[in-house]
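Novice: Have a look at this prediction, sequence included:
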Amino acid sequence: MEEIKKILSNIQSELVDIKAKLKDIERKASNGDYTYTEHGDKNKI
C-alpha cells in the first residue's frame, strides 16, 4: 500500500509539472510567441 501511495504521489507531482508547462505554452501562444502550421507543428517566431 505504501508503494502505491508513493507511485501516486510521483504521478501527481509530474501532472503538476505538466500543467505548469501547459500554462506556460498557453501564455506564450496568447502572446503570439508561437505560430501553428496546419499540421500542428509549433514554430517559434
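Specialist: Alright, I've got the coordinates.
Novice: Surely residue 32 forms part of a strand?
Specialist: No. Using DSSP: H, G, I helix; E, B strand; the rest coil, the assignment for residue 32 is coil, not a strand.
Novice: give the contact list for residue 23.
Specialist: By Cβ atoms under 8 Å, 6 or more residues apart in numbering, residue 23 lies in contact with nothing. Where you see a C-beta, it was placed from the backbone N, CA and C, and this is true even at glycine.
Novice: And the one helix or strand residue 26 maps to, what's buried?
Specialist: Taking DSSP states H and E as the definition, residue 26 sits inside helix 2-30. Within helix 2-30, no residue is scored as buried using 16 or more other Cβ atoms under 10 Å.
Novice: tell me the average confidence for that helix?
Specialist: Per-region confidence: helix 2-30 scores 92 on mean pLDDT.
Novice: from the middle of its chain, how far away would it be?
Specialist: From the chain centre to the centre of helix 2-30 is a distance of 7 Å (Cα atoms, centre = their mean, to the nearest Å).
Novice: again with stretch 1-20
Specialist: That offset, for stretch 1-20, works out to 15 Å (Cα atoms, centre = their mean).
Novice: What of stretch 21-31?
Specialist: Centroid displacement of stretch 21-31 relative to its chain, using Cα atoms, centre = their mean, is 9 Å.
Novice: Make 25 the first number, not 1, from now on.
Specialist: Let's use 25 as the start, then, which means that last one is stretch 45-55.
Novice: CA atoms of that stretch as PDB?
Specialist: Output in PDB follows, covering the C-alpha atoms of stretch 45-55 (Å, rounded to 0.1, in the frame of the first residue of the first chain):
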ATOM      1  CA  LYS A  45       4.300  23.700 -18.700                       C
ATOM      2  CA  LEU A  46       0.900  23.800 -20.500                       C
ATOM      3  CA  LYS A  47       0.000  27.100 -18.800                       C
ATOM      4  CA  ASP A  48       3.400  28.500 -19.900                       C
ATOM      5  CA  ILE A  49       2.700  27.300 -23.500                       C
ATOM      6  CA  GLU A  50      -0.800  28.800 -23.400                       C
ATOM      7  CA  ARG A  51       0.600  32.100 -22.100                       C
ATOM      8  CA  LYS A  52       3.300  32.200 -24.900                       C
ATOM      9  CA  ALA A  53       0.700  31.300 -27.500                       C
ATOM     10  CA  SER A  54      -1.700  34.000 -26.300                       C
ATOM     11  CA  ASN A  55       1.300  36.400 -26.500                       C
END
